[in-house]
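>>> coordinates only, sequence not included:
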C-alpha cells in the first residue's frame with residue numbers, strides 16, 4: 001500500500017501551519033508599528049496645541065482666560081510580545097491636557113489610537129493631574145493608525161478615511177477653536 005498521500009496530507013498541514021504562523025507574525029509586526037507610531041503623533045499634536053496656547057495667552061487680557069497646558073505624560077503598561085525580541089515593544093499611553101474656565105480637554109494615545117477628549121471639570125476646577133490614561137472617557141474624535149501594506153508605512157485614518165499631515169493640523173486647530181469657544 002502506498003502512503004504517499006499521507007505524506008502529502010502532512011505536508012499540507014505543515015504548510016498551513018507555516019502560513020498561519022507567518023500571518024500571525026505579520027499581524028503582530030503591523031500592530032507593533034501602529035502602536036509605536038502613537039506617542040510621536042501625540043507629541044507632535046502637543047507641540048501644535050502648545051503653540052496655539054502660547055499665542056492665545058499672549059493676547060488674552062485676563063488671567064482666568066489663559067489656557068493652562070500640562071506636559072506630555074507617558075505611562076508604561078508593560079511590554080507587548082515579550083517572548084519575541086523582534087516584535088516586543090512598550091505598551092505605552094501618552095497624553096496631555098489643557099484647561100480653562102472649568103473645562104479640560106485632552107489628547108490621549110495608545111496602541112495606534114489617538115483620542116480627542118473633553119471633560120467639564122466643574123466650576124474653577126482643573127483636571128490637569130487627572131489620570132487620563134485610566135479614565136473611561138468617550139472621545140469626541142479619534143484617529144486610528146493603520147499599516148499600509150503598499151507603502152509599508154503607517155497612515156492615520158479618521159472614520160476610515162486616510163488623513164494627511166495638513167488635515168491633522170486642521171483637526172487640531174478645529175479642536176483648539178472648539179475649546180476656546182466652549183470655555184468663553
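Alright, I've got the coordinates. In this text the structure is predicted, and so the values were computed from the model without any measurement.
>>> would you map the strands across the protein?
68-69, 73-80, 89-100, 103-110, 113-120, 141-148, 153-158, 161-163 (DSSP state E).
>>> any chance of those strands in CSV, plus mean neighbour count?
In this view, the C-beta of every residue, glycine as well, is placed from N, C-alpha and C. Formatted as CSV, those follow (neighbours: other C-beta atoms under 10 Å):
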stretch, mean neighbour count
strand 68-69, 16
strand 73-80, 13
strand 89-100, 21
strand 103-110, 23
strand 113-120, 18
strand 141-148, 18
strand 153-158, 16
strand 161-163, 12
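>>> please identify which of those is closest to residue 62.
The closest of the strands of the chain to residue 62 is strand 89-100. By C-beta to C-beta, the value is 10.9 Å.
>>> now the strands of the chain in TSV, with distance to residue 33?
What follows is these, written out as TSV (distance: least, C-beta to C-beta, whole Å):
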stretch	distance to residue 33
strand 68-69	29
strand 73-80	12
strand 89-100	9
strand 103-110	14
strand 113-120	14
strand 141-148	6
strand 153-158	6
strand 161-163	16
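>>> figure out which of those strands is closest to residue 54.
Of the strands of the chain, nearest to residue 54 by C-beta to C-beta is strand 68-69, at 8.5 Å.
>>> what pairs with the closest one, and is each one parallel or antiparallel?
Here strand 68-69 has these sheet partners by DSSP bridges: strand 89-100 (antiparallel).
>>> okay, the angle between the strand it pairs with and strand 103-110?
Calculated by axes from the mean of the first three to the mean of the last three C-alpha atoms, to 10 degrees, strand 89-100 forms an angle of 170 degrees with strand 103-110.
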